Structure formats: C-alpha cells, structure tokens
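[1] what follows is a protein structure lacking sequence information:
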C-alpha cells in the first residue's frame, strides 16, 4: 500500500520535539510490513543539501508568493518529498520561530502551502506514484483533509494524527481568503474556531479517521481538562478516534551500541552502566553517592512538563543525598530557576540549558532514574528511552506515561513486573512521595536491578504499533 505522510519535521533532518522522532521512525517499521511511505516535508535550510540528490517531480511558478517545486530523494533510509519554496522555508531561526523567538508571521501561509501540496499529491499523485492513504500529522498538516474535501473530487482516505492538542494552529480568519479555503467550510462544524481558522480543527473535522499517540490520551481528549476546547468535536467523532501508542527507533536508542555512551551495556552487564553515571557526574560537576540515585530530566522547560513541581521539591532530592542533571530549554523563568538552583547546590544539581542529542543519550545511559512529571503527556518518548536504557522512569499517571510504565507497587514488585514509579495526582506532594519511593527502592539493590532488567526487556519499538497502523490503513481502503 502507498501512504503519504505530511509533516513539518522529521528526525534526523530537522527536529524540535517528539513529532520528528515519530515521523523519522514509523515509516521504517511500516516498510518492513511491505508498505511504501513517502514523507512530504518542507525543504528547510537543514535539508537544502539533499536537494542536489533529488529528482524534480513537480514545479510551480507561484505558491503563495514565490516559485516552488517538489523533489524526491532517498535519505537516511526514508523516502522524502521535499517542498522547495525558498520564500517560505529558507530562512534563519527555527522552523517555527524567528531569531527573536517569536512565531513567524507567515506561519499560516507556510504550513497552508505544505497542506495544499499534500492535498494535491493525494488527489493527483506525483511522479507516477499515487497514495492510497494520506496521513497528516499535527496542525501544520491539518488543512490537508480540508483541501481534499473542498476539491469535490474523489480523494483517498485521510487520517489526522494529534501529537499534542495544545498546539492547534489558530490564525486570524483573514487567512481563509489568502489560502484559497472555502468559506462554506469556515463554520463551527468545519475549521472555524471562535472566529479563527483552526488548522488542527479542520483536520479533525474532515479526516476519515483520527488517531492520537496513546490509548489513554485518546480517552483524556474527550474531557474538558485535556480536550483544549475541541472535546466536543472529538466526542462527536468518538467512533473514529483511535489511540495507537508511539514507539522508538531501536537502532538509534540502543545501550548495547550507542556511541554517545562511555560504556555500552546490556541487561546482562548492568555493572558497565556505572561508568556512564561516573562520566555524567564529572560532566556536571556533581559529587558521587552510590547510596542515592542520580535523577535525569531531559525536557522542554514548561508548565505542561511539570518542571515547576520539580523545582519545588529540589530540597527533598538534596536531603536524600540524590543528584539531578537537567538538559532542556523553554520558559526563561524556568531556565533561570534551574540555573540558580545549580549555582546554589553545585554538588547535587547540574544544568545545561539547550539541547544536545548526544548529551540526551548520555543522560539516559548515566542516570539511575529519568523524571517525567508532566501535567499531560500525549505519549512521551523520554520514558520509553528510559525503559530501553534501564533508567527507571518516574512519571505522572497521565496519557502515554500511564500506558507504558508499570508502577512499582507491592503486587508488581512481588511478581517482578514493575518497570518504574507512577504518581498521581500531578502535585508537589505526590511528586515528592515518588522521589522518596525511588530513593528507598534504589537502596534495595536486588529489586532495583530486577526493575532495570524488566524495563530493558519491555517492548518499546514500533513493531506492534506499526501493525495497528497497517490494520487501520487496510480498513480504510
């Protein structure tokens, strides 16, 4: 079966979050099931070097203010369709933000163009290849089903995946005219949201099926607490909403082969993991304490991720003799707060503001436990990396965190199936108790190692989820 993915980012080429990791890995798993996946992706500066290796399949004299073309290239094991429109994508800054950290003013045009070309390929095919399914990801591709619907033509079935409903792509209603969208569909039953054009809402209204990235998150989205204003629409489409758990690329995240680690290790050689903790302690200038765990946090520093709760319980971590390393960026107030905490307690807290893929791997390999105290988490990949590396996840009971981590309660410990620590509700008190539980378990060396081994043997790849996607595709055609 031929499947077109439309997305705004894809690892390892361009990444701002977990969306890129998913787009860069699930097509490989689907190809193992004999499906052909092509990914339509903007040709940002990070991808310009691949254009010289590509074949031009489509040329347009004008696409919202300038010329554009689509080139096909096989890169890093993926089939890419690169939308080369320099006036839209070839610029400094990040893919969504300018150099001062503000949204690009023409983001609705940039991603409206991506959606328009995605719909065109869905309807007409490209280079002799035509998709049987069009799969749009997040708000940046949300108008793909809208454009296909308004064409009035026979279109392939479409799927809209919500990776995080907090990001909806809401823009001034004036973009309807600019993007050539149908005014007949700009209404509360379509892509209109309180006078704004809602890119994600459009995808949810007109796609044939809706998926999200964990079963629990699919249920949570039907409630006002998590639905972010779209719970009514999602309730009306409840029969078309499916939660399929994310996986990770096991060839990239593998403690037995990872070049970022000081020493590679396996469930049978856990003693080798200690060398990675020692490296991490030296890298962040922390004291060594084999009697207390080294916690890691690799995260966007935002309220959604619960980092404000973590800041509140830093004294508890220090009192228990534990240590914490932080890698992330986000709200300036949180960056400054963690930096100040590291300055005040340099033996116990280490912080690096920003992001480094190698350091993220090193933290997963060197920490004893990885913290994910999110208020909501559609799926979460950090805890999956932790499981893979035997770095015990300490997670809030929400979304994909609830679906992937088995809490170390008495029954789970007795049957040796525990893989981490869950806490609820998402409060300072509950997180503090989780820290105490983790520190207490760490002192029980035998049980801790049993948890590590169990975590490392848990299925966290794409095999099962890819089969579920394949079943969904086949049900639609």
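    Thanks, I have it. Please read all numbers here as calculations on a predicted model, not as lab measurements. Residues are numbered from 1 along each chain as shown.

[2] so which residues make contact with the helix or strand harbouring residue 308?
    Following DSSP states H and E, the helix or strand that holds residue 308 is helix 307-312. Contact with helix 307-312 is made by 297, 299, 301, 328, 330, 334, 337-338, 341, 371, 373, 426-428, 431-432, as judged by CB atoms under 8 Å, 6 or more residues apart in numbering. For every residue, glycine as well, the C-beta is placed using N, CA and C.

[3] burial check on the residue nearest to residue 87 when sequence neighbours are not counted, number of neighbours?
    Of all residues not flanking residue 87 in the chain, residue 66 sits nearest, at 3.4 Å (CB to CB, 6 or more residues apart in numbering). By other CB atoms under 10 Å, 13 other residues sit near residue 66.

[4] contacting residues around residue 66?
    By CB under 8 Å, 6+ apart, residue 66 lies in contact with 85, 86, 87, 88.

[5] where does the closest residue to the second one other than its chain neighbours sit, in terms of helix or strand?
    Sequence neighbours aside, residue 66 is the residue nearest to residue 86 in space, at 6.9 Å (criterion: CB to CB, 6+ apart). When secondary structure is defined using DSSP H and E, no element contains residue 66, which sits outside every helix and strand.

[6] gap between residue 66 and residue 106?
    From residue 66 across to residue 106, the span is 11 Å (CB to CB, to the nearest Å).

[7] got any residues that touch both of these two?
    Each of residue 88 lies in contact with both residue 66 and residue 106 under the rule CB under 8 Å, 6+ apart.

[8] which phi and psi does the residue nearest to residue 86 have?
    Per-residue torsions, residue 66: phi -180, psi 170 (degrees, to the nearest 10).

[9] where's it relative to residue 88, distance?
    Going from residue 66 to residue 88 by CB to CB gives 7 Å.

[10] where's residue 335, which helix or strand?
    According to DSSP H and E, residue 335 maps onto helix 332-344.

[11] other SSEs contacting that helix?
    Helix 332-344 makes packing contacts with helix 307-312, strand 349-353 when contacts are defined by 3 or more CB pairs under 8 Å, 6 or more residues apart in numbering; DSSP states H and E.

[12] so which of the ones you listed gets nearest residue 97?
    Closest to residue 97 of the helices and strands packed on helix 332-344 is strand 349-353 (CB to CB; 16.3 Å).

[13] after the helix or strand harbouring residue 275 comes which helix or strand?
    Assigned by DSSP H and E, residue 275 belongs to helix 273-284. Note on helix 273-284: by DSSP H and E, the next helix or strand toward the C-terminus is strand 294-298.

[14] the inter-axis angle of that following strand versus strand 349-353?
    In terms of direction (axes from the mean of the first three to the mean of the last three CA atoms, to 10 degrees), strand 294-298 departs from strand 349-353 by 20 degrees.

[15] so what touches strand 294-298?
    Applying CB under 8 Å, 6+ apart, the set of residues contacting strand 294-298 from outside is 277, 280-281, 286, 307, 310, 317, 322-328, 360, 363-364, 366-371, 382, 391, 394, 435, 438.

[16] return the set of buried residues in it.
    294, 295, 296, 297, 298 (16 or more other CB atoms under 10 Å).

[17] where is pLDDT lowest across the contacts of helix 307-312?
    Within those, residue 330 has the lowest pLDDT, namely 93.

[18] quick one, domains of the chain?
    Domain segmentation of the chain under automatic domain parsing yields 2-247+462-476, 270-456.

[19] looking at this protein, which residue reaches furthest from the middle?
    Most distant residue from the mean C-alpha position of the chain: residue 61, 34.7 Å away (CA atoms, centre = their mean).

[20] mind listing what it touches?
    Shown in contact with residue 61 (CB under 8 Å, 6+ apart): residue 67.

[21] ok, it to residue 467 distance?
    43 Å.

[22] for residue 18, same thing?
    Per CB to CB, residue 18 is found 21 Å from residue 467.

[23] what does residue 166 give?
    When distance is defined by CB to CB, residue 166 is 29 Å away from residue 467.

[24] so for the two, which sits in the more crowded spot?
    For residue 166 versus residue 467, neighbours defined as other CB under 10 Å are more numerous around residue 467 (15 against 12).

[25] name the nearest residue to the more buried one, sequence neighbours excluded.
    Leaving out its chain neighbours, the residue that sits closest to residue 467 by CB to CB, 6+ apart is residue 33, at 6.9 Å.

[26] kindly report the same for residue 224.
    Using CB to CB, 6+ apart, the closest residue to residue 224 is residue 231 (5.7 Å).

[27] who touches the one you found in this structure?
    Shown in contact with residue 231 (CB under 8 Å, 6+ apart): 221, 222, 223, 224.

[28] could you identify which of those has the most neighbours?
    Neighbour counts for the contacts of residue 231 were taken using other CB under 10 Å; the highest belongs to residue 221, with 27 neighbours.

[29] right, and it touches residue 227 too?
    Yes - the pair formed by residue 221 and residue 227 meets the contact definition of CB atoms under 8 Å, at 5.2 Å.

[30] which element is the residue nearest to residue 65 when sequence neighbours are not counted on?
    Sequence neighbours aside, residue 87 is the residue nearest to residue 65 in space, at 5.5 Å (criterion: CB to CB, 6+ apart). Residue 87 belongs to helix 86-89 when assigned by DSSP H and E.

[31] again, but for residue 468
    Secondary structure assignment for residue 468, by DSSP H and E: helix 463-476.

[32] which parts of that helix are buried?
    Buried-residue list, helix 463-476, by 16+ other CB under 10 Å: 465, 466, 469, 470, 472, 473.

[33] I'd like to know how far residue 20 sits from residue 3.
    In terms of CB to CB, residue 20 sits 18 Å off from residue 3.

[34] go on, residue 188?
    Residue 188 is 31 Å from residue 3, where distance means CB to CB.

[35] pick out whichever of these two has more residues nearby.
    residue 3 (22 against 12).

[36] direction included, what does the helix or strand hosting that one pair against?
    Per DSSP H and E: residue 3 is located in strand 2-6. Here strand 2-6 is paired, per DSSP bridges, with strand 36-42 (parallel), strand 133-137 (parallel).

[37] contacting residues around the shortest one?
    If I follow you right, that is strand 133-137. In contact with strand 133-137 (CB under 8 Å, 6+ apart) are residues 1-8, 19, 22-23, 115, 118-119, 121-122, 142, 144-145, 148, 155-161, 163, 203, 207, 473, 476-477.

[38] in ChimeraX, select just the buried ones from those residues.
    Those of the contacts of strand 133-137 that count as buried under 16+ other CB under 10 Å are selected in ChimeraX with:
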select :1,2,3,4,5,6,7,8,19,22,23,115,118,119,121,122,142,144,145,148,155,156,157,158,159,160,161,163,203,207,473
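
[39] before we move on, the earlier item: what mean pLDDT does the helix holding residue 87 have?
    For helix 86-89, the mean pLDDT works out to 97.

[40] and that helix, how far out from the chain's middle?
    Centroid displacement of helix 86-89 relative to its chain, using CA atoms, centre = their mean, to the nearest Å, is 25 Å.

[41] buried sites along it?
    Going by neighbour count (16+ other CB under 10 Å), the buried part of helix 86-89 is 87, 88, 89.
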